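Trainee: Could you work out the structure for the sequence below:
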Amino acid sequence: SKTDVDDVVRVDEKKGEIWFTAAGMFNPYFTQLCRAKLDGSGMKIVTDSRFHHDTNLSPDAKYFLDVEQKPDVAPRTVLRDASTGKELAELAKSDVSKMDEAGFKKTELFSFTANDGKTQCWGTLQFPSDFDANKKYPVLLNLYAGPESGGISPRFGLPSPQTDLGFLVVSVAGRGTTSRGKAFRDAVYGKLGIVEIDDQADGVKSLFNRPYVDGNRVGLQGTSYGGYATIMGLLHRPDVFKVGCASSSVTDWRNYDTIYTERYMGLPWKEENEAGYDAGSALKLAGKLQGRLMLYFGSSDNNVHPSNTYQLVTALEKAGLRYDMQVGPDREHTQMNSRTMWEYFLKYLKP
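Mentor: Residues are numbered from 1 along each chain as shown. I've put the predicted structure just below:
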């Protein structure tokens, strides 16, 4: 399958019918209400694939409530005929006049082709409220990027507050994440730190042809796997990323728990995937750091042990490279102080 079934909504054995939610044709992150025969035939998408839908099917399966929206279209709630999807009544519609008066810009969906030359990936782009297409803006990528993590948000909402610090804010759903089927997830197996990092970098890079995007001022930040992805972004793709803030980060998969690591990387033995572990090790790549890096760890982190950061710092110092670091005394698996992080980005990306 090229997509995932999100939920089984109803099974009607008498009619030989199943109702379920899954991605539609227009965008793999827009959930649709679907029905099919129990033998798999007669599949029909009941909702409009141009939107994301949160639906509630009536007990007799004759009607459903539908909240339809997408990142640049505010939600409205309608009652629909379940057999045809026809709108019967509009029950509620969002009033975004105050948002428009305040100058908030709507989120843009964009797509790009991954470096395998065939896989389409998606991202979102958010703008400052005083956006001027004649100016150049630095880019900030917020990421997690771990295998089987969520993709982009398909829902309408306010832009990130980071935009009004003068940044274009980006999110990218690369290979390995959910909603896109098995092959899309399998692409990262044995290659953590490479495939998903390339997708994040190539997603941002696909925006460089826009006149208001400053490709020389690109930052990224994340926590946990997002911290690892931040570090690997700077080390593996310095052509894109210049400044990073990494919190509670794995730095070598040999340092993390086996129930997670071996699920996605196999074993680190030479005869299995030692090369994959080495390729995805920030410790092995530390000497390639070119940009500015702020590290953070909590001294009581019992998920990603602080030794991950200690080992990376040792490797950076052996290579004679500069870094910045913040410590959270007695804090566990947490993010660095947000004020410190934004001061760092403001200093080195200079909106």
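Trainee: Now stretch 211-226: buried residues?
Mentor: 213-215, 217-226 (16 or more other Cβ atoms under 10 Å). C-beta coordinates here come from the backbone N, C-alpha and C atoms, glycine included.
Trainee: Would you pull up how far that stretch lies from the middle of the chain?
Mentor: From the chain centre to the centre of stretch 211-226 is a distance of 13 Å (Cα atoms, centre = their mean, to the nearest Å).
Trainee: Going forward, the N-terminal residue is numbered 196.
Mentor: Will do, 196 is the new start, and the previous item becomes stretch 406-421.
Trainee: Report the mean per-residue pLDDT for that stretch.
Mentor: Across stretch 406-421, the average pLDDT comes to 98.
Trainee: List the contacts of the closest residue to Asp199 other than its chain neighbours.
Mentor: Excluding the flanking residues, the one nearest Asp199 by Cβ to Cβ, 6 or more residues apart in numbering is Ser374, at 5.2 Å. With contacts defined as Cβ atoms under 8 Å, 6 or more residues apart in numbering, Ser374 is in contact with 198-199, 201, 218, 223-224, 345-346.
Trainee: and the two most separated of those residues?
Mentor: Of all pairs drawn from the contacts of Ser374, the greatest distance, 14.6 Å, lies between Thr198 and Gly345 (Cβ to Cβ).
Trainee: who has more neighbours, those two?
Mentor: Thr198 (16 against 12; other Cβ atoms under 10 Å).
Trainee: Domains in the protein, by residue range?
Mentor: Here the domain assignment for the chain is 200-288, 295-544, based on automatic domain parsing.
Trainee: Ranking those domains by mean neighbour count, which comes first?
Mentor: Of these, the one with the most neighbours on average (mean count of other Cβ atoms under 10 Å) is domain 295-544, at a mean of 19.
Trainee: now do the same end-to-end measure for it.
Mentor: Using Cα to Cα, to the nearest Å, the end-to-end distance of domain 295-544 comes out at 28 Å.
Trainee: how close does the closest residue to Gly219 other than its chain neighbours sit to Phe221?
Mentor: Leaving out its chain neighbours, the residue that sits closest to Gly219 by Cβ to Cβ, 6+ apart is Ser244, at 3.3 Å. Plainly put, Ser244 is 4 Å away from Phe221 if you go by Cβ to Cβ, to the nearest Å.
Trainee: Ok, Thr373 next?
Mentor: Summarising the geometry, the distance separating Thr373 from Phe221, computed by Cβ to Cβ, is 18 Å.
Trainee: ok, now Ala396?
Mentor: For Ala396, the distance to Phe221 under the criterion Cβ to Cβ works out to 26 Å.
Trainee: what's the answer for Leu363, then?
Mentor: Counting by Cβ to Cβ, the separation of Leu363 from Phe221 is 24 Å.
Trainee: do the same with Ala441
Mentor: To Phe221, Ala441 is 35 Å away according to Cβ to Cβ.
Trainee: Adjacent strands (with direction) for the longest strand seen in the chain?
Mentor: Among the segments of the chain that qualify as a strand by DSSP state E, the longest is strand 408-418. Paired strands of strand 408-418, with direction, are strand 332-337 (parallel), strand 438-442 (parallel) (DSSP bridges).
Trainee: Would you mind giving these as TSV with distance to Glu208 and mean pLDDT added?
Mentor: As requested, the strands paired with strand 408-418 are exported to TSV (distance: least, Cβ to Cβ, whole Å; pLDDT from 0 to 100):
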stretch	distance to Glu208	mean pLDDT
strand 332-337	45	98
strand 438-442	50	98
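Trainee: got JSON lines for those strands, with distance to Val383 too?
Mentor: Written out in JSON lines, the entries for the strands paired with strand 408-418 read as follows (distance: least, Cβ to Cβ, whole Å):
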{"stretch": "strand 332-337", "distance to Val383": "18"}
{"stretch": "strand 438-442", "distance to Val383": "19"}
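Trainee: How about Ala287, nearest residue that isn't a chain neighbour?
Mentor: In space, Ala287 comes closest to Thr272 once its chain neighbours are excluded; the distance is 4.2 Å by Cβ to Cβ, 6+ apart.
Trainee: beta partners for that neighbour?
Mentor: Here Thr272 sits in beta bridges with Val262, Ala287, going by DSSP bridges.
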